[in-house]
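Undergrad: Fold the following, please.
(one chain, ligands or ions: 3)
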Amino acid sequence: MSNGALSPGDGAARQTPPRHVAIIMDGNGRWASARGLPRGEGHRRGVEALRRVVRAAHELGISYLTIFSFSSENWSRPASEIGDLFGLLRRFIRNDLATLHRDGVRVRVIGEREGLEPDIRDLLREAEDLTRGNSALTLVVAFNYGSRQEIARAAQRLAIEVAEGRRSSDTVTAETLSQYLDAPDIPDPDLIIRTSGEQRLSNFLMWQAAYSELVFVPIHWPDFDRAALEGAISEYARRERRFGGLAAKTGS
Ligand code: IPE
Ligand code: IPE
Ligand code: MG
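TA: Ligands and ions are numbered 1, 2, ... in the order given. Coordinates of the predicted model:
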């Protein structure tokens with residue numbers, strides 16, 4: 001605890017981990033290419049990294065972990081790669097759901113379900129239904145997710161309520177719109193991590209990221225592990241979050 005003047009490093013004293021960490025798992029393809037392997041092998045190794053990180057997040061006391069698994073724009077990739085990614089999601093849910101459930105993980109899914117194959121929709125629903133009562137860690141899977149699309153869906157629902165006379169237009173506020181997003185009960189991410197060195201959001205949680213701390217790490221997702229997560233959390237702990245206000249000073 002500091003009780004003198006604040007310096008940028010003071011945040012390092014913050015003991016509590018970020019409550020909600022969101023990760024843009026990027027660099028699978030480059031990881032594979034650098035080793036002369038097919039991109040699909042990078043995605044397969046990416047699932048192993050995901051297993052490690054879910055475990056580590058739980059051990060580190062994180063309450064919510066959101067992972068960007070497939071973006072609305074990833075449909076522009078070759079069909080074979082899309083097939084690999086969907087195959088891995090199917091296998092991840094089939095193979096890992098029982099373990100996640102045993103470990104008390106609650107699975108939530110955000111993104112557009114319309115247009116997904118029925119068996120994928122069933123698996124996503126099964127994962128959510130089975131784990132509904134769990135509370136050790138909430139794993140939010142962003143699948144077929146795009147932030148602009150999510151905001152547009154919310155706006156459309158509000159517009160329908162206004163058009164049908166069930167809501168007056170002056171109740172359309174930032175607060176009400178946020179209640180119509182895909183997971184309104186989940187707090188905004190405190191920390192967003194992107195691997196692979198890219199420094200952009202790529203349509204991920206743009207509404208929810210208004211005051212998130214962004215940490216970009218230069219390693220590709222298949223190499224991400226507990227130590228890398230701890231490194232990003234240490235960086236987060238050094239940040240001073242002000243939310244538009246002034247730095248919290250003690251003793252003045
Ligand atoms: C992240 O790795 C996985 C998904 C986007 C689904 P990439 O496939 O984007 O790998 P790079 O960025 O091409 O290396
Ligand atoms: C973002 O990565 C999407 C996921 C990690 C699922 P991309 O690799 O698709 O993003 P861009 O195209 O480099 O911005
Ligand atoms: Mg990428």
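
Undergrad: Low-confidence bits of the stretch 101-250 of the chain, can you list those?
TA: Confidence mapping of the stretch 101-250 of the chain against pLDDT under 70 gives the ranges 249-250.

Undergrad: just the strands in it please.
TA: Secondary structure of the stretch 101-250 of the chain (DSSP state E, counting those that start in this stretch): strands located at 105-110, 137-145, 191-194, 213-216.

Undergrad: Mind putting the ones you listed into a markdown table with distance to ligand 1 and mean neighbour count?
TA: Just so you know, the C-beta spots here come from the backbone N, C-alpha and C atoms, and that holds for glycine as well. Compiled in a markdown table, the strands of the stretch 101-250 of the chain are given as follows (distance: least, C-beta to the nearest ligand atom, whole Å; neighbours: other C-beta atoms under 10 Å):
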| stretch | distance to ligand 1 | mean neighbour count |
| --- | --- | --- |
| strand 105-110 | 15 | 21 |
| strand 137-145 | 10 | 23 |
| strand 191-194 | 10 | 25 |
| strand 213-216 | 13 | 18 |
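
Undergrad: Pipe those into TSV and attach distance to Gln156 per row.
TA: What follows is these, written out as TSV (distance: least, C-beta to C-beta, whole Å):
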stretch	distance to Gln156
strand 105-110	16
strand 137-145	17
strand 191-194	26
strand 213-216	29
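
Undergrad: between those strands, which gets nearest to Leu65?
TA: Smallest distance to Leu65 across the strands of the stretch 101-250 of the chain (C-beta to C-beta): 5.4 Å, for strand 137-145.

Undergrad: ok, back up a step: of all the strands of the stretch 101-250 of the chain, which one is nearest Glu128?
TA: For the strands of the stretch 101-250 of the chain, proximity to Glu128 was assessed by C-beta to C-beta; strand 105-110 is nearest, at 5.7 Å.

Undergrad: Report whether that closest one contacts ligand 2.
TA: No: in terms of C-beta under 6 Å from any ligand atom, no part of strand 105-110 sits within range of ligand 2; the closest distance is 12.3 Å.

Undergrad: Which strands or helices does that strand pack on?
TA: With contacts taken as 3 or more C-beta pairs under 8 Å, 6 or more residues apart in numbering; DSSP states H and E, strand 105-110 sits against helix 118-131, strand 137-145.

Undergrad: Please enumerate residues in contact with it?
TA: For strand 105-110, the surrounding residues in contact (C-beta atoms under 8 Å, 6 or more residues apart in numbering) are 54, 58, 66, 97, 100, 124, 127-128, 130-143, 145, 150, 182-183, 186.

Undergrad: hmm, try it at 7 Å
TA: The set of residues external to strand 105-110 that reach it, using C-beta atoms under 7 Å, 6 or more residues apart in numbering, is 54, 100, 124, 127-128, 131-132, 134-143, 145, 182-183.

Undergrad: next one: stretch 84-93
TA: Outside stretch 84-93, the residues within contact range by C-beta under 7 Å, 6+ apart are 40, 43-44, 47, 69-70, 120, 123, 127, 143.
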